[in-house]
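Participant: what would the 3D arrangement of this be:
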Amino acid sequence: MTSDLPLASAVREAALGSVPAALADLGRLVRIPSIAFPGFPREEVERSATAVKELLDGLDFFERVEVKTATLPATGAEGMPAVLASRPARNGRPTILLYAHHDVQPVGDESLWQSPPFEPTVRDGRLYGRGAADDKAGIMAHVGALRALVEAAGDDVDLGVNIFIEGEEEAGSASFAAFLHENADALRADVIVVADSGNWDAVTPALTVSLRGNVRFTLDIETLEHASHSGMFGGAVPDAMMATIRTLSTLWDADGAVAVPGLTARDAETPEYTESTLRSEAGLPEGVSPTGRDSILSRIWNKPSITVTGIDAPSVRNASNTLSPKVSVVVSARIAPGQDARSAYEAIEAHLREQAPFGARLTFRDLDLGDPFLVDTSGWAVTQARTALADGYGVDPVDIGVGGSIPFIADLVREFPAAQILVTGVEDPHARAHAPNESLHLDTFRNALVSEALLLASLNETEL
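Facilitator: From the prediction side, this is the model:
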């Protein structure tokens with residue numbers, strides 16, 4: 001399918017016309033604080049799911065639209081609500097599954113936000129708000145593209161379309177595998193579009209072809225049966241904070257590169273990416289040097305990283321002259337494509353146990369694993385996606401790796417091994433997903449919506 005065919009031209013025009021309504025609907029979704037983490041109100045996630053269902057019902061396109069949950073296998077608890085919609089293919093056309101998620105990250109320190117996190121605000125060509133980019137914009141790219149296809153093609157849409165809008169991606173997708181298994185027939189597709197990644201920059205589209213895996217766990221380090229006076233016993237008794245600092249420091253070498261035996265790296269070329277670009281996109285100030293070795297993108301895409309993302313210890317405000325008996329930290333590792341997450345975790349655990357000083361007791365809990373992913377770029381759907389991106393953005397797309405993880409893709413591969421998976425997104429490098437002042441570049445959103453609409457038009461003309 002190319003842009004000189006009548007359907008593509010009509011779809012492009014309809015897609016451009018649908019952008020204002022899509023942004024208005026996005027604003028309504030952003031106002032719902034749909035945080036699926038424990039301790040936050042489930043009712044808001046349910047309200048968000050209902051709002052998404054109403055958007056899909058409004059298309060008057062699907063045979064069914066439902067809000068559904070699955071049971072968490074480990075606990076028997078009910079997962080967060082997801083939205084499922086389906087319309088079967090006709091006349092030998094393929095079926096596409098469109099994925100996004102309607103849950104969002106917690107806001108963090110609200111004082112760091114320049115505008116209220118759940119009040120969508122436009123500044124300097126960007127829409128600010130929690131979930132404005134990750135991933136409620138992904139939902140609206142799907143909805144806007146479908147609106148354009150229906151407007152342009154009417155009843156002549158033979159493409160099968162299934163939609164899965166998850167409600168707990170940010171909280172770990174605990175019920176994802178069970179949901180896929182329970183709803184496999186309604187979700188099965190020839191092509192799967194996961195709209196939860198990013199682009200090379202605000203004007204250059206990208207297909208994500210590699211993703212690092214993830215290993216996340218909580219580590220308790222204990223050295224004492226109870227707290228003791230630091231003056232009376234300091235110098236002879238190891239406190240948990242000292243043991244924690246010494247143990248964690250062994251995870252990296254002098255350059256800041258991961259120094260855990262058994263963690264592997266992928267050998268693959270990367271595009272040129274300068275240190276100045278890194279400083280701009282990551283907020284790295286002058287005088288603070290990058291970590292690691294070799295090309296910058298190889299460090300982000302193809303090598304492991306380890307970050308301590310949380311710590312429970314006496315706060316500065318409550319500090320006293322006390323030897324701490326126990327410190328707990330959250331360790332988040334990203335695993336290079338080519339290594340399974342279980343073996344990576346075992347390597348990290350063995351390293352930490354070996355390095356713990358003074359016989360400190362280590363307890364590992366709350367383990368979460370996600371395998372890396374490499375896209376097979378030889379399929380026909382990849383070719384059509386690249387054409388649609390080039391036509392929608394007016395710039396040829398690039399293939400990128402992503403340092404982050406989308407661990408549920410491994411579940412998609414297991415459940416639908418024959419499907420071609422396309423990882424796309426609406427974010428640009430300045431979106432600040434998960435951070436304060438998350439935002440969506442409005443031009444990028446427009447181009448992403450148009451590109452997806454053109455892909456749908458192309459698939460609607462494809463015979464299997």
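Participant: residues of the strand or helix carrying residue 53 that come out buried?
Facilitator: Assigning secondary structure by DSSP states H and E places residue 53 in helix 42-57. Residues of helix 42-57 classed as buried: 44, 45, 46, 48, 49, 51, 52, 53, 55, 56 (neighbour count, 16 or more other CB atoms under 10 Å). In short, each C-beta sits where N, CA and C put it, glycine included.
Participant: ditto for stretch 362-369
Facilitator: With burial defined by 16+ other CB under 10 Å, the residues of stretch 362-369 counted as buried are 362, 368, 369.
Participant: how far does that stretch sit from its chain's centre?
Facilitator: Distance, stretch centre to chain centre, for stretch 362-369: 21 Å (CA atoms, centre = their mean, to the nearest Å).
Participant: now it - C-alpha only, CSV.
Facilitator: Only the C-alpha atoms of stretch 362-369 are listed here, as CSV (Å, rounded to 0.1, in the frame of the first residue of the first chain):
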residue,chain,number,x,y,z
LEU,A,362,21.1,-11.0,52.8
THR,A,363,17.4,-11.7,52.0
PHE,A,364,16.1,-11.4,48.5
ARG,A,365,12.3,-10.9,47.9
ASP,A,366,9.7,-9.4,45.6
LEU,A,367,11.5,-10.7,42.5
ASP,A,368,10.2,-9.5,39.1
LEU,A,369,11.7,-10.9,35.9
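Participant: can you give the contact residues for it?
Facilitator: Stretch 362-369 is contacted from outside by 172, 213-222, 247, 341-342, 345, 349, 352-353, 356, 407, using CB atoms under 8 Å, 6 or more residues apart in numbering.
Participant: same question for stretch 278-288.
Facilitator: The contact list for stretch 278-288 (CB under 8 Å, 6+ apart) reads 290, 296, 429, 430.
Participant: and the strands in the stretch 351-464 of the chain?
Facilitator: 361-370, 373-374, 398-402, 420-427, 439-441 (DSSP state E, counting those that start in this stretch).
Participant: nearest to residue 380, of these?
Facilitator: strand 420-427 (7.6 Å; CB to CB).
Participant: what packs against the closest one?
Facilitator: Packing partners of strand 420-427 (3 or more CB pairs under 8 Å, 6 or more residues apart in numbering; DSSP states H and E): helix 136-153, strand 191-198, strand 206-211, helix 380-393, helix 409-415, helix 442-460.
Participant: angle of the longest one against helix 136-153?
Facilitator: Counting by axes from the mean of the first three to the mean of the last three CA atoms, to 10 degrees, helix 442-460 lies at 50 degrees to helix 136-153.
Participant: report the mean per-residue pLDDT for helix 442-460.
Facilitator: Per-residue pLDDT values over helix 442-460 give a mean of 98.
Participant: helices or strands next to that helix in the packing?
Facilitator: Applying 3+ CB pairs under 8 Å, 6+ apart, we find helix 442-460 packed against helix 6-30, strand 126-128, helix 136-153, strand 191-198, helix 380-393, strand 420-427.
Participant: repeat that for 7 Å
Facilitator: If you count contacts as 3 or more CB pairs under 7 Å, 6 or more residues apart in numbering; DSSP states H and E, helix 442-460 packs onto helix 6-30, helix 136-153, helix 380-393, strand 420-427.
Participant: next one: the third one
Facilitator: The helices and strands touching strand 206-211, judged by 3+ CB pairs under 7 Å, 6+ apart, are strand 373-374, strand 398-402, strand 420-427.
Participant: make sure residue 342 is indeed in a helix.
Facilitator: Yes: counting by DSSP: H, G, I helix; E, B strand; the rest coil, residue 342 is part of a helix.
Participant: residue 195: which of the contacts of stretch 278-288 is nearest?
Facilitator: Once CB to CB is applied, the member of the contacts of stretch 278-288 that ends up nearest residue 195 is residue 429, at 17.0 Å.
Participant: surely that closest one and residue 201 touch.
Facilitator: Yes: counting by CB atoms under 7 Å, residue 201 is a contact partner of residue 429 at 6.2 Å.
Participant: could you list the domains of this protein?
Facilitator: 6-211+372-460, 215-266+303-370 (automatic domain parsing).
Participant: about what we covered before: what's the mean pLDDT across the helix holding residue 53?
Facilitator: The model assigns helix 42-57 a mean pLDDT of 98.
Participant: what's that helix in contact with?
Facilitator: 25, 28-29, 32-36, 62, 65, 67, 80-83, 85, 102-103, 139, 143, 163, 165, 167 (CB atoms under 7 Å, 6 or more residues apart in numbering).
Participant: could you rerun that using 8 Å?
Facilitator: Contacts with helix 42-57, where a contact means CB under 8 Å, 6+ apart, come from 25, 28-29, 32-36, 62, 65-67, 80-83, 85, 102-103, 139, 143, 163, 165, 167-168.
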